[in-house]
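Visitor: Any chance you could fold what I've pasted below:
(one chain, ligands or ions: 1)
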Amino acid sequence: MEPQGTRLDPWIDAYAQRTQGLTASQVRALFAVASRPEVVSLAGGMPYVSALPLDALADTVAQLVRDRGAQALQYGSGQGDVTLREQILDVMAPVGVRAHPDDIVVTAGSQMALDLVVRVFCDPGDVVLVEAPTYVTALGVFSSYQCQVVHVPMDGEGMRADALREAIAALRAQGRTPKLIYTIPSFHNPAGVTQGSQRRAEVLEVARSTGILLLEDDPYGLLGFDGEVPRAIRADEADGVVYLGTFSKTIAAGLRIGWAVAPHGVREKLVLANETATLCPSNFAQLTISSYLATQPWFEQVKVFREVYRERRDALLESLESLMPPGTTWTVPAGGFYSWVTLPAGLDATAMLPRAVAALVAYVPGTGFYAPGAGGEHELRLSYCYPEPDRIREGVRRLAGVIETEVELAATFGSPTSAPVRSGPTAPTPDLA
Ligand code: PMP
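Guide: Now for the predicted structure:
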């Protein structure tokens, strides 16, 4: 038995089993170093909020407090402000989602909606089907409800419908039926790919024919660089899909307002779960967004964001193209924040990270986007949403140098086996957003 006094945390034996996946990794410690200004961070998924009309927003907030302060600073409804829910219908019109304001539940970011859906549907041991790779903090949610995550392979168009069908059949053969199919069809985090309309129809058909609820996560749908907005899967199926949206990428992540669109019965449960979690989403943040939508040209601002991110995506892709050593491949995102990189054979993205940080560039190693042991060793995520284009170019130059050295080392000494850095689904950090 370990003597009590040497323990860092005296409560270590008291935690619920569902916290077992909530462990801070060494990768997280490295990100503390990576947040120094001299490091180019291609790790974080932070939206470039400086592109917002901050003066106009300040006026909106001042006027809100002056004119409707008593409402904005009060508790609100567990389902969310009704005017905002009506406005959300307009925000979803470009992705083709038609609903009634009653079908919407406003939450503290779409992260909270994700948590509530899993809370409402999943018992410990329930299977959830997800893309390979998938959003790291979704994995955190699945882990905290003790779900079993089964990855479905992707191709250049996202989740493969044939592989999804096979995975469900294989599970059913073992007497198990998955509870949810979790997918990010547009401008995927982290893979940077998008399901075409045919693929969406196929994925939906698998969900329909197997009777499994589809959880469609769509934070980036309006951020396509050619201006085309992919049609949401929810636009073609209301009863079998829960759709998640957010203002984090189109207005401000710091306001923490997202939403779920859900079939009637599910929506009732989500509202009750929302109330037990937070009583109500922040009224102040909701009314701020509501006033912004009512008084500002919000869609013009979305176009500004698209331009900002398109320029950064181009800077990333051009420098990857001209600088990366042979054997390195990457996805070409048509929107969103991320490109997914596969390293030359024999290289390990987790082992390489300390050397990259020493060379003043940071990325997120691929293993964090898979259930533990399920893959990602040779992969990594680069995000281009936050640094200026010149910094992105400099970051890629540094990273290419690190990869080149790794390739030479691997050729001379075999695969590098330096200091293992544990990764995996971890407690979320902004770097893993
Ligand atoms: N889903 C995905 C795929 C994301 O990338 C993010 C944020 N990075 C979220 C959900 C959560 O976003 P928020 O809670 O800010 O709405």
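
Visitor: just how off-centre is the helix or strand containing T288 within its chain?
Guide: According to DSSP states H and E, T288 maps onto helix 283-295. Once both centres are worked out by Cα atoms, centre = their mean, to the nearest Å, helix 283-295 turns out to sit 24 Å from its chain's centre.

Visitor: C-alpha coordinates for that helix, PDB please?
Guide: What follows is helix 283-295 as a C-alpha-only set of coordinates in PDB (Å, rounded to 0.1, in the frame of the first residue of the first chain):
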ATOM      1  CA  ASN A 283     -29.600  34.800 -20.400                       C
ATOM      2  CA  PHE A 284     -27.100  37.600 -20.800                       C
ATOM      3  CA  ALA A 285     -25.100  35.700 -23.500                       C
ATOM      4  CA  GLN A 286     -28.300  34.700 -25.200                       C
ATOM      5  CA  LEU A 287     -29.700  38.200 -25.300                       C
ATOM      6  CA  THR A 288     -26.300  39.500 -26.400                       C
ATOM      7  CA  ILE A 289     -26.400  37.200 -29.400                       C
ATOM      8  CA  SER A 290     -30.100  37.900 -30.000                       C
ATOM      9  CA  SER A 291     -29.400  41.700 -30.200                       C
ATOM     10  CA  TYR A 292     -26.300  41.100 -32.300                       C
ATOM     11  CA  LEU A 293     -28.300  39.100 -34.800                       C
ATOM     12  CA  ALA A 294     -31.100  41.600 -34.800                       C
ATOM     13  CA  THR A 295     -28.900  44.700 -35.300                       C
END
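
Visitor: Report all helices and strands that the helix or strand that it is followed by contacts.
Guide: Later in the chain than helix 283-295, the nearest helix or strand by DSSP H and E is helix 298-323. On a contact count with 3 or more Cβ pairs under 8 Å, 6 or more residues apart in numbering; DSSP states H and E, helix 298-323 meets strand 338-342, helix 389-413. Glycine gets a C-beta too; all of them are placed from N, C-alpha and C.

Visitor: tell me the most buried of the ones you listed?
Guide: strand 338-342 (a mean of 22; mean count of other Cβ atoms under 10 Å).

Visitor: average pLDDT for that strand?
Guide: On average, the pLDDT along strand 338-342 is 98.

Visitor: Report the angle between it and helix 389-413.
Guide: Strand 338-342 runs at 10 degrees relative to helix 389-413, counting by axes from the mean of the first three to the mean of the last three Cα atoms, to 10 degrees.

Visitor: Does M112 lie in a helix or a strand, and which?
Guide: helix 109-121.

Visitor: Would you mind pulling the contact partners of that helix?
Guide: 105, 107, 128, 137-138, 141-142, 144-145, 147, 179-180, 213, 215, 217, 219, 242, 244-246, 248, 253, 256-260, 262, 266, 269-270, 273-274, 277-278, 281, 428 (Cβ atoms under 8 Å, 6 or more residues apart in numbering).

Visitor: Could you report the separation of L30 from the ligand?
Guide: Noted for L30: a distance of 20 Å to the ligand, by Cβ to the nearest ligand atom, to the nearest Å.
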